[in-house]
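Trainee: sequence and predicted structure, then a few things I'm wondering about:
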Amino acid sequence: MKKSWQIDRRTFLRGAGITIALPFLEAMIPCRAYAAEAPKRFITLWFSNGALQYGEPGTNKNYWECTPGQSISDWKLSRSLSPLASFQSKLNYFNGLHNPEYLANKQDGHWSNIASFLTGVRNTRNDEGGALKLRYPAKSMDIAIAEQLGCKPLIMAPFPMTYGPNSKDAGRNSNIFLANVSWKSQSQVAPRHTNSMSVFKALFSNYQPGSGGESQIDHLAESRKSVLDLVYQQANTLKTKLGASDKIKLDQYLTSIREVERGIASESENPLPSQQCDVPTNTNPFKNEIKSNGRVHLDLGNKNMLDLMVLALSCNLTQVATQMLDAEHNGDTLRDRIPGYNGPAANTNAHLISHAVDEDGRRGLIEMNKWHVGKFLYLMEKMDAIPESNGMSLLDNSLIMFGSGMGNGSSHAQPHGRGICRLTAGSLGGQISTGRFIGNRMHHAHIITAIGRKFGVTDNSGNLITKWGSGTGYFSGL
């Protein structure tokens, strides 16, 4: 469609203390441009305690482990990963990844696995002084990529920093290792958002977590108004200059902001009224399911954060996002994450479920992994539905790394079992071949290094990195 008017890609809708970036619109492309370059994004979606990799006793039915075929692109999704079938061509499945440092710290499986997931470095052991730090100088790959791209990473987890068991043994059991996957340095975890409202305020106002200052969004929430009320007239003026398809896209985007607002409001049991936008009524049956200790139900909290993540990525408010779906060695039950669940192990500690010591535990772990995979699918579906300037989707222009820091949840198996649970999704704008079963049983840090190279991460000499953490090289076939 021929355009008679063009707008700058950096156009914002602004109100009192509010800034709303715009999604990609056709009016942003110069008339003679065939395709504009889309930003590259890196997303990490992490889950705790590994997975059920083995089938029923005496059978060969695998749950997490996929089945290879005659070629690298000929493979079958496992039972746990079967919901991802419609996206198999956009996935890469890594079989047999291992972490040699786990052997040196066998008694600290949970703590080492979460610490090394993005850093490639395990935590310090008790006999190394019990300090709350990584074993040697390192940072997580999400932070390194954000620094390379020059953006502020969006790091989220729908539970408080104090989540995790309390212990006098600070070196091994401290929640700093159990509740953080992103590290800025050897002894400093990266700041993260622990509730959806904090993320929303950070994206759409000048609010900074921990600053103590109030944001305009706080005042809007108190008066039961929307951020869209402050930019409503601006948005309507902009629509008069847009083509039909751009008008629809802008309406859909503003509606999605409103839906996220209403989802966050449901966390506090104070739903916002529908003001300027015609938004469908939120009929989520568990929207007000708040845990007795005041924390938001993990399912609702994660959904809201994933919605906010997609908004931030689609409008280029960030190019790096990391989300922890739960905490390592966590005490939540299946009922805490699956609304209305009353099946096997419904009230059992999730960490105990991961060890699957009996049939109820095994069946419960299957349900827990199904919940993890469901969040991954939800994220991919939302990202794949957003077109970008180069003709690809937001998912196609991104790279998502999904998985856990360990393999079989029952034995913490890595080196001699099926290996660490990990997949990637997205081709990073065509830079990565997808739809592959990759099973050469490599060091997991070799995958992290390969990802960093795709984003231009360099070493101290200014050259592309050739290793990361305790790894000795990188996977050249990514």
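Mentor: Arrived safely.
Trainee: can we go C-alpha only for contacts and neighbour counts from here?
Mentor: Noted.
Trainee: and the average pLDDT for stretch 120-128 is what?
Mentor: pLDDT averaged over stretch 120-128 equals 73, rounded to a whole number.
Trainee: same check, this time on stretch 189-197
Mentor: In this model, stretch 189-197 has an average pLDDT of 86.
Trainee: show residues contacting it.
Mentor: Residues from elsewhere that reach stretch 189-197, judged by Cα atoms under 8 Å, 6 or more residues apart in numbering: 154-161, 176, 180, 182-184, 199, 209, 264, 301, 304-305, 308.
Trainee: gap between that stretch and the chain center?
Mentor: Taking Cα atoms, centre = their mean, to the nearest Å, one finds the center of stretch 189-197 at 12 Å from the center of the full chain.
Trainee: cool, and stretch 371-387?
Mentor: The chain centroid and the centroid of stretch 371-387 are separated by 10 Å, computed with Cα atoms, centre = their mean.
Trainee: let's see it as PDB, backbone CA atoms only.
Mentor: Output of stretch 371-387 as PDB, limited to C-alpha atoms (Å, rounded to 0.1, in the frame of the first residue of the first chain):
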ATOM      1  CA  TRP A 371       3.300 -26.200  33.100                       C
ATOM      2  CA  HIS A 372       6.900 -25.100  32.300                       C
ATOM      3  CA  VAL A 373       6.500 -26.100  28.600                       C
ATOM      4  CA  GLY A 374       3.100 -24.300  28.500                       C
ATOM      5  CA  LYS A 375       4.700 -21.000  29.400                       C
ATOM      6  CA  PHE A 376       7.300 -21.500  26.700                       C
ATOM      7  CA  LEU A 377       4.600 -22.200  24.100                       C
ATOM      8  CA  TYR A 378       2.600 -19.100  25.300                       C
ATOM      9  CA  LEU A 379       5.600 -16.900  24.800                       C
ATOM     10  CA  MET A 380       6.400 -18.300  21.300                       C
ATOM     11  CA  GLU A 381       2.700 -17.900  20.200                       C
ATOM     12  CA  LYS A 382       2.600 -14.300  21.300                       C
ATOM     13  CA  MET A 383       6.000 -13.400  19.600                       C
ATOM     14  CA  ASP A 384       5.200 -15.300  16.400                       C
ATOM     15  CA  ALA A 385       2.000 -13.300  16.000                       C
ATOM     16  CA  ILE A 386       3.900 -10.000  15.800                       C
ATOM     17  CA  PRO A 387       5.100  -9.000  12.300                       C
END
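Trainee: flag every buried residue along it.
Mentor: By 16 or more other Cα atoms under 10 Å, the buried positions in stretch 371-387 come out as 371-377, 379-380, 382-384, 386-387.
Trainee: what is the nearest of those residues to residue 342?
Mentor: Lowest distance from residue 342 to those (Cα to Cα) belongs to residue 371, with 14.3 Å.
Trainee: and the pLDDT for the closest one?
Mentor: Reading off the per-residue confidence, residue 371 sits at a pLDDT of 95.
Trainee: next: residue 106.
Mentor: The confidence metric pLDDT takes the value 53 at residue 106.
Trainee: quick one: low-confidence parts of the stretch 51-200 of the chain?
Mentor: Counting by pLDDT under 70, the stretch 51-200 of the chain contains low-confidence residues at 54-62, 101-108, 125-131, 161-175.
Trainee: please enumerate the helices of it.
Mentor: Taking DSSP state H, counting those that start in this stretch to define them, one finds helices in the stretch 51-200 of the chain at 101-104, 109-119, 141-149, 170-173, 175-178, 196-204.
Trainee: check the stretch 351-478 of the chain too.
Mentor: If you assign secondary structure with DSSP H, counting those that start in this stretch, the helices in the stretch 351-478 of the chain sit at 359-384, 444-454.
Trainee: hmm, who's touching the shortest one?
Mentor: Which is helix 444-454. Helix 444-454 is contacted by residues 97-99, 118-120, 141, 144-145, 420, 431, 464-476, 478 when judged by Cα under 8 Å, 6+ apart.
Trainee: got a PyMOL select line for the buried ones in those?
Mentor: Buried members of the contacts of helix 444-454, defined by 16+ other Cα under 10 Å, are picked up in PyMOL with:
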select buried, resi 97+98+99+118+119+120+141+144+145+420+464+465+466+467+468+469+470+471+473+474+475+478
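Trainee: how about the strands in this protein?
Mentor: Read by DSSP state E, the chain holds these strands, from start to end of the chain: 12-15, 18-21, 41-47, 67-68, 75-76, 91-97, 154-156, 183-185, 188-189, 320-324, 398-404, 420-425, 436-438.
Trainee: so residue 41 touches residue 314, yeah?
Mentor: No. The pair residue 41 and residue 314 fails to qualify as a contact (Cα atoms under 8 Å) at a distance of 9.8 Å.
Trainee: one step back: need the helices of the stretch 51-200 of the chain in JSON lines with distance to residue 343, can you?
Mentor: JSON lines is the format used below for the helices of the stretch 51-200 of the chain (distance: least, Cα to Cα, whole Å):
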{"stretch": "helix 101-104", "distance to residue 343": "33"}
{"stretch": "helix 109-119", "distance to residue 343": "26"}
{"stretch": "helix 141-149", "distance to residue 343": "36"}
{"stretch": "helix 170-173", "distance to residue 343": "30"}
{"stretch": "helix 175-178", "distance to residue 343": "27"}
{"stretch": "helix 196-204", "distance to residue 343": "29"}
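Trainee: out of the ones you listed, deepest packed?
Mentor: Here the criterion is mean neighbour count by mean count of other Cα atoms under 10 Å, and of these the winner is helix 109-119, at a mean of 28.
Trainee: in the stretch 301-450 of the chain, where is pLDDT below threshold?
Mentor: Answering for the stretch 301-450 of the chain: the residues below the bar, that is pLDDT under 70, span 412-418.
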